[in-house]
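>>> sequence unknown, structure follows:
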């Protein structure tokens, strides 16, 4: 037998396919990291099989499963009719149809098998796109929105303040650096905490939810109590009650820290206070008046 020559993919086609695969990974990652989509859209419902009972027989049909013939627009009702017809044919025409169904059973199980969505992580440098808006632009937009809301609720004679909002403030770069430092410390803190997992899945990390984030920040004490309270109130309105103890730990930590702080402040104030003199001035001797001559 003559060996078949292996066909190689041209460089241009290989580069184009690599770009397509990188684009698909980037789009899938952007979809996973879209926080607004996760907050606004409800989680998808699990697909269940349609059960049909006819003449004492139970038939399980996948809801969105295409037939083997390749019809992509087959409905569950049509699939139910086709499978019921095949069962009736097997009763009348013998074991030939039954053998055909047994042969197609592994094929259907393979198609109905749940596929695990995967994403290459960490992403390659060429898969990352430079965002149009940076962190400083986002902070600037937030500051302008807050300033406009506060100015709109003020009196009508504050028109000069509204004109000053349009200018870029001088403290914006400093606020951006402060926010960037805070976010970097926050992400580094979350990266060191991994969720509990069984021994057989030590190399796999499940995503953490917002409750675990609040527990981590509350236990470490790097965030203000008021900030965590606001986040907890907003997240509970969307996802339900929070039953963790991270916020309670943070409040206990702040209370325990305030007690020695008060004592140390009192001691520091005592160092700067001049001691009071306990000595009394000497009494002056008063000579008695001689009335007698």
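It's in. Since the structure is predicted, the reported quantities are computational estimates derived from the model, not experimental observations.
>>> Look up how far residue 190 lies from the closest residue in space to residue 169 that isn't next to it in sequence.
Counting by C-beta to C-beta, 6 or more residues apart in numbering, residue 169 lies nearest to residue 143, which is 7.3 Å off, once chain neighbours are set aside. To be clear about C-beta, it is placed using only N, CA and C from the backbone, and glycine gets the same treatment. The gap separating residue 143 from residue 190 is 26 Å, by C-beta to C-beta, to the nearest Å.
>>> What of residue 211?
13 Å.
>>> OK, contacts around the residue nearest to residue 169?
169, 172, 175 (C-beta atoms under 8 Å, 6 or more residues apart in numbering).
>>> How many residues are close by the first one?
Other residues within reach of residue 169 by the criterion other C-beta atoms under 10 Å amount to 14.
>>> Confirm that it sits in a helix.
No. Using DSSP: H, G, I helix; E, B strand; the rest coil, the secondary structure at residue 169 is coil, not a helix.
>>> the strands in this protein, which residues?
Here the chain has its strands, by DSSP state E, at 50-54, 57-61.
>>> Which pLDDT value goes with residue 235?
On the pLDDT scale, residue 235 is placed at 90.
>>> is it true that it touches residue 210?
Yes. In terms of C-beta atoms under 8 Å, residue 235 counts as a neighbour of residue 210; the distance is 5.3 Å.
>>> These two: who's more crowded?
Using other C-beta under 10 Å as the criterion, residue 235 and residue 210 rank with residue 235 on top: 18 against 15.
>>> Enumerate every residue touching the more buried one.
Residue 235 neighbours (C-beta under 8 Å, 6+ apart): 210, 242.
>>> Can you name every helix or strand that the helix ranked longest in the chain contacts?
Assignment by DSSP state H gives helix 246-271 as the longest helix of the chain. Secondary-structure packing of helix 246-271 (3 or more C-beta pairs under 8 Å, 6 or more residues apart in numbering; DSSP states H and E): helix 210-220, helix 225-239.
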